[in-house]
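Participant: mind looking at a prediction? Sequence and model below.
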Amino acid sequence: MIPDAPWLLDRERRCRRDGSGLTTADLIGCWRLERIWNKGSREPASAAAALLRGLAARLRLSADGAGPEARDLRLANSVRLGVLELRFEGTGRLEGRRPLLVFSFDRLLLLLGGRVLIERALPQPDPLRRPFFALIAAERPHWLAARGRGGGLALWLLEEDDGKK
């Protein structure tokens, strides 16, 4: 079952109070963006979500550390149009009880058929303005939900190839 906005908003209220209980292990994989809701909306942003699905928007999360208590992650956020891919890569860390996935991108890549055409280093953001996802819930092996720094809500579906290669 893919959750709807009322269910996610209720879960988010409970999560703010009690935390989500999500760990790094719950996040590992390649997540395909399925739905987004603008800040304050109970209706999905259909056109924007359709565009991002058409561009094969993906969020790949992999462990960047050892052991079951590792909190560090590698992130790759990408969109693709045919064989052309725009990818942002960086690091993230779980922080707090909820927790927040705080991250920053340090590299931008433009690839054609898997071959790097352009690679640029990105400046580090102000530590107080780093982007984050406030993790709400996940149901493995199906979906992950989070609210971004800008207030939008996102729902991703886990790809069949869950990124553990």
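Facilitator: Yep, that arrived.
Participant: where does this protein dip in pLDDT?
Facilitator: Counting by pLDDT under 70, the chain shows low-confidence ranges at 65-70, 161-165.
Participant: regarding the protein, what is its longest helix?
Facilitator: helix 5-18 (DSSP state H).
Participant: residues contacting that helix, please?
Facilitator: 3, 37, 41-44, 98, 134-137, 145, 147, 153, 155 (Cβ atoms under 8 Å, 6 or more residues apart in numbering). C-beta: built from backbone N, CA, C; applies to glycine.
Participant: so how far is stretch 94-114 from its chain's centroid?
Facilitator: Its chain's average C-alpha position is 8 Å from that of stretch 94-114, according to Cα atoms, centre = their mean, to the nearest Å.
Participant: would you mind writing the CA trace of it as PDB?
Facilitator: C-alpha atoms of stretch 94-114 as PDB (Å, rounded to 0.1, in the frame of the first residue of the first chain):
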ATOM      1  CA  LEU A  94      21.300  11.000  10.500                       C
ATOM      2  CA  GLU A  95      20.900  13.500  13.400                       C
ATOM      3  CA  GLY A  96      18.500  13.700  16.200                       C
ATOM      4  CA  ARG A  97      15.700  11.600  17.500                       C
ATOM      5  CA  ARG A  98      13.300  12.000  14.600                       C
ATOM      6  CA  PRO A  99      15.900  11.700  12.800                       C
ATOM      7  CA  LEU A 100      16.900  14.300  10.200                       C
ATOM      8  CA  LEU A 101      18.900  13.200   7.200                       C
ATOM      9  CA  VAL A 102      21.200  16.300   6.900                       C
ATOM     10  CA  PHE A 103      23.200  16.300   3.700                       C
ATOM     11  CA  SER A 104      25.200  18.400   1.300                       C
ATOM     12  CA  PHE A 105      26.300  17.800  -2.300                       C
ATOM     13  CA  ASP A 106      30.000  18.200  -3.100                       C
ATOM     14  CA  ARG A 107      30.000  17.200  -6.700                       C
ATOM     15  CA  LEU A 108      27.900  17.800  -9.800                       C
ATOM     16  CA  LEU A 109      28.200  15.400 -12.800                       C
ATOM     17  CA  LEU A 110      26.700  15.400 -16.300                       C
ATOM     18  CA  LEU A 111      26.900  12.000 -17.900                       C
ATOM     19  CA  LEU A 112      26.100  10.700 -21.400                       C
ATOM     20  CA  GLY A 113      25.600   7.000 -21.500                       C
ATOM     21  CA  GLY A 114      27.400   6.600 -18.200                       C
END
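Participant: brilliant, that's me finished.
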